[in-house]
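Engineer: how would this look folded up:
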Amino acid sequence: MPLDESFHESADSTQQVIYDFAEAIIGIYQAEGLTSVSGLHKEYMLAGRPLLTWHNEVTRRCAIEHNGHFYYMKNIDDIAFCSDSLLYFTAHLFLYRPYINSLTRDAFPAYGRTLYPNLQNLEGKRYSMYLDVVSQAAYNYWDRIGDLIASFFPGVLKPQSIFFPSAISIIPSQFHSSPNYQWLRNFAENEYKEMNGLRKDIVHYHTSDTNFKYEHLERASTNAETEAHEMQQKREGMADFYKQHISVTIEGLEKTLLLLGEIDAALYSHIQ
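Structural biologist: You can find the predicted model right below:
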């Protein structure tokens, strides 16, 4: 998906750097098979259906019933933007990963044993920075999904109490047999919980870079080689963790719209 040549024709030297970097990121999208809910070419197709049309069909009667209580177009634009952000920042992890410093590669003999130093380089620092950014982008996405679900039950939650898990918790029991509800609840209790745990640690306690640094210091032992290998593998694996999460976000939006379609049919079918 190369940028149109018109981007380059009037660019000054700094803009050219921006466009060249954008081309590199697009190349990573293609190489890693990354996409977003809006699609790399802004197709806005989800599970073979036009996303914006589907979203409008699901939310239209709820908006009428509650007199425009929720700005649905802003919400779907936010969901799409958050998805694009998650895509973009995840690509940065793959950009830097091949070049980050390695505990095992940088190992050297000293004092009769092998040391595994954390010799942070530029790429390693940038990788850590984007790990923190990606975690927040993923949270922002699911927060907007929570807003969308909660909008079908206005007033049940206070605005400051609306999060993805709390929105799942207020769905009436009559919908609990739905496979779509079960998918969302299982995700909230497992993969989402894991992802949000990483984000909470970064936002409220320590950055991923600081955590890695001090875990490395604390785990130095006679099994240093094994522990260094495990730490390095875990660190590099975070790019794949968020790559997989992108796929889950797209599937999660599909499950959300399917479930809200069921809720719409049950609660708002009296509206033409």
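Engineer: The stretch 51-200 of the chain: strands as residue ranges?
Structural biologist: Applying DSSP state E, counting those that start in this stretch to the stretch 51-200 of the chain gives strands spanning 108-110, 113-115.
Engineer: Make CSV from these and add mean pLDDT and distance to Ala22 to it.
Structural biologist: Just so you know, the C-beta spots here come from the backbone N, C-alpha and C atoms, and that holds for glycine as well. Converted to CSV, the strands of the stretch 51-200 of the chain look like this (pLDDT from 0 to 100; distance: least, CB to CB, whole Å):
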stretch, mean pLDDT, distance to Ala22
strand 108-110, 89, 39
strand 113-115, 87, 40
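Engineer: Reformat those strands as JSON lines; add distance to Ile145.
Structural biologist: Converted to JSON lines, the strands of the stretch 51-200 of the chain look like this (distance: least, CB to CB, whole Å):
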{"stretch": "strand 108-110", "distance to Ile145": "48"}
{"stretch": "strand 113-115", "distance to Ile145": "46"}
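Engineer: Mind pulling up the pLDDT for the residue nearest to Thr114 when sequence neighbours are not counted?
Structural biologist: Once flanking residues are discounted, Thr114 sits nearest to Ala107: 5.4 Å by CB to CB, 6 or more residues apart in numbering. Here the pLDDT value assigned to Ala107 is 92.
Engineer: thinking again about what came up before, so which of the strands of the stretch 51-200 of the chain is the most packed in?
Structural biologist: strand 113-115 (a mean of 12; mean count of other CB atoms under 10 Å).
Engineer: Walk me through which strands it pairs with, and which way each runs.
Structural biologist: strand 108-110 (antiparallel) (DSSP bridges).
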